[in-house]
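**Student:** Need coordinates for the following:
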Amino acid sequence: MRFAYTLFLLGMAATPALAADFSTPQGALQALDQAQRSHNIDAAVAAKDFQYEAYAMLANLKSTPKPEPALVRKAAHTLEVAYRNEIKSDGFPNMEGVHTRVVRTKHLTPMLVEMDEQVTYPDGYVSHETIYAALSGERWGIVNLPSK
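**Tutor:** Modelled structure (predicted):
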């Protein structure tokens with residue numbers, strides 16, 4: 001994961017217009033949105049936090065309420081590989097003409113935020129998506145939660 005994030009940052013240095021800001025939950029979501037629009041799988045991976053996802057998934061199981069770090073790392077790797085395979089198989093979502101904006105942010109814990117993202121499609125249809133971001137160290141990343 002660190003390697004992918006480093007590659008992402010190196011790529012961003014070469015293209016300043018796509019510079020990502022992971023200092024806020026909204027910045028992480030914007031980075032994922034930019035990655036999807038540019039069909040950049042490494043940037044999409046860098047915008048997510050598979051470690052947090054893996055920990056949350058394992059901690060949600062009765063058999064592993066406090067998962068060992070090695071198990072979390074292995075699960076995070078598996079989640080990242082599955083995410084990459086899904087994108088390679090299904091492709092990125094079509095974001096042409098789609099406008100997104102965060103209309104509500106709710107802090108669930110100091111390290112977990114729920115955002116309501118309003119998605120407006122070219123035909124005028126509007127939907128709302130609930131997106132979660134987790135803080136790891138000083139960096140926010142987008143996460144899927146097991147019970148959400």
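
**Student:** Please give the number of neighbouring residues around the closest residue to residue 101 other than its chain neighbours.
**Tutor:** In space, and not counting its chain neighbours, residue 101 is closest to residue 118: 5.4 Å by Cβ to Cβ, 6 or more residues apart in numbering. C-beta: built from backbone N, CA, C; applies to glycine. By the criterion of other Cβ atoms under 10 Å, residue 118 has 14 neighbours.

**Student:** Now for residue 118: which residues touch it?
**Tutor:** 100, 101, 102, 103, 126, 127, 128 (Cβ atoms under 8 Å, 6 or more residues apart in numbering).

**Student:** Show me what stretch 126-139 is in contact with.
**Tutor:** Residues contacting stretch 126-139 (Cβ under 8 Å, 6+ apart): 22-23, 25, 28-29, 49, 51-53, 103, 110-121, 140-145, 148.

**Student:** other SSEs contacting the longest helix along the chain?
**Tutor:** With secondary structure taken from DSSP state H, the chain has its longest helix at helix 69-90. Using 3 or more Cβ pairs under 8 Å, 6 or more residues apart in numbering; DSSP states H and E as the contact test, the elements touching helix 69-90 are helix 41-46, helix 50-59.

**Student:** How far off centre is it?
**Tutor:** 13 Å (Cα atoms, centre = their mean, to the nearest Å).

**Student:** Can you say which of the helices and strands packed on helix 69-90 is nearest to residue 79?
**Tutor:** Minimum separation from residue 79 across those (Cβ to Cβ) falls at helix 50-59, 4.7 Å.

**Student:** pLDDT (mean, whole number) over the closest one?
**Tutor:** Averaging pLDDT along helix 50-59 gives 96.

**Student:** what's the longest helix of the chain in contact with?
**Tutor:** Contacts for helix 69-90 (Cβ under 8 Å, 6+ apart): 1, 4, 41, 44-45, 48, 50-51, 53-55, 57-58, 64, 67.

**Student:** on that earlier part again, any chance of the contacts of residue 118 in TSV, with secondary structure too?
**Tutor:** Compiled in TSV, those are given as follows (DSSP: H, G, I helix; E, B strand; the rest coil):
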residue	secondary structure
100	strand
101	strand
102	strand
103	strand
126	strand
127	strand
128	strand
